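[1] what follows is a predicted structure for the sequence shown.
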Amino acid sequence: MASQVWNVPNILTMFRLILSAVLFAMIALGPQFMIAALVLFIITALTDFVDGWWARKFNQCTQLGRIMDPFADKILICGTFIFLAARPEMQADWRLFQPWMAVVIMGREMLVTAIRGYMEQHGVNFAAKWSGKIKMGFQCVACAAGCLYLSYAVNPAPEWLFWTVVISVWVTILSTLQSGLGYVLCAVRIKKI
């Protein structure tokens with residue numbers, strides 16, 4: 001039984017949690033660590049793809065993985081948004097990462113998790129939808145762009161990078177709200193809440 005729980009996908013998921021904590025520390029330490037934070041964010045986000053692929057390809061899906069994988073995703077994305085939004089360089093311009101944006105993302109994640117738990121408790125399989133996967137993609141682009149933007153400590157970031165952050169952050173917020181609404185409507189259609 002232990003070998004089924006401690007398989008490659010679950011180990012990668014646990015590793016993602018550890019890497020996330022290191023990433024948050026790097027963001028908090030400031031611009032001199034942002035390139036390393038960017039690289040670490042990309043590696044950490046890629047473990048999400050790899051663990052899911054591995055679990056499906058080698059039939060290593062477990063109940064622990066079904067719980068911990070989305071939890072690790074939420075820690076990575078919500079934590080990165082929180083730490084980026086806390087940076088004074090971001091707070092200097094309302095178009096960049098802002099604390100309320102982290103609240104929107106966390107609120108959506110908590111709502112969808114609650115709905116999923118309720119539905120599965122009542123025997124309804126409520127798996128991730130494509131809108132959630134697309135949302136995760138936008139979130140990853142925004143977080144990576146935010147780390148790169150903050151790496152410009154002394155010199156201002158190039159204008160194209162500024163606008164990449166602005167557009168990716170706002171598209172992330174819109175896709176987060178849209179996918180959250182999609183989950184709510186799906187749950188209402190399947191089973192009256």
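    Happy to help now that I have it.
[2] residue contacts, the residue positioned nearest the centre of the chain?
    Computing the C-alpha centroid of the chain and ranking residues by CA atoms, centre = their mean puts Ile77 first, at 2.7 Å. Under the criterion of CB atoms under 8 Å, 6 or more residues apart in numbering, the neighbours of Ile77 are Ile105, Glu109, Met136, Gln139, Cys140, Cys143. In this view, the C-beta of every residue, glycine as well, is placed from N, C-alpha and C.
[3] from Met26, how far out is the first one?
    Looking back up the chat, that one is Ile105. Relative to Met26, Ile105 is positioned 20 Å away (CB to CB, to the nearest Å).
[4] between the two, who's got more neighbours?
    Ile105 (25 against 20; other CB atoms under 10 Å).
[5] that one contacts Phe81, correct?
    Yes. If you go by CB atoms under 8 Å, Ile105 and Phe81 touch, sitting 5.5 Å apart.
[6] which secondary element of this structure has the worst mean pLDDT?
    When the helices and strands of the chain are scored by mean pLDDT, DSSP states H and E, helix 2-5 comes last with a mean of 68.
[7] where are the low-confidence patches of this protein?
    Within the chain, the segments meeting pLDDT under 70 span 1-3, 192-193.
[8] helices of that one, residue ranges please.
    Using DSSP state H, the helices of the chain run over 2-5, 8-29, 34-57, 63-85, 88-91, 99-121, 130-150, 159-190.
[9] between the fourth one and helix 130-150, how many degrees?
    Taking axes from the mean of the first three to the mean of the last three CA atoms, to 10 degrees, one finds helix 63-85 and helix 130-150 inclined to each other by 40 degrees.
[10] show me which residues of helix 63-85 are buried.
    Buried residues in helix 63-85, counting neighbours by 16 or more other CB atoms under 10 Å, are found at 64-65, 68-70, 72-85.
[11] stretch 51-60 too?
    Buried residues in stretch 51-60, counted by 16+ other CB under 10 Å: Asp51, Gly52, Trp54, Ala55.
[12] same check, this time on stretch 151-168
    Judged by neighbour count (16+ other CB under 10 Å), stretch 151-168 contains these buried residues: Ser151, Ala157, Leu161, Phe162, Thr164, Val165, Val166, Ser168.
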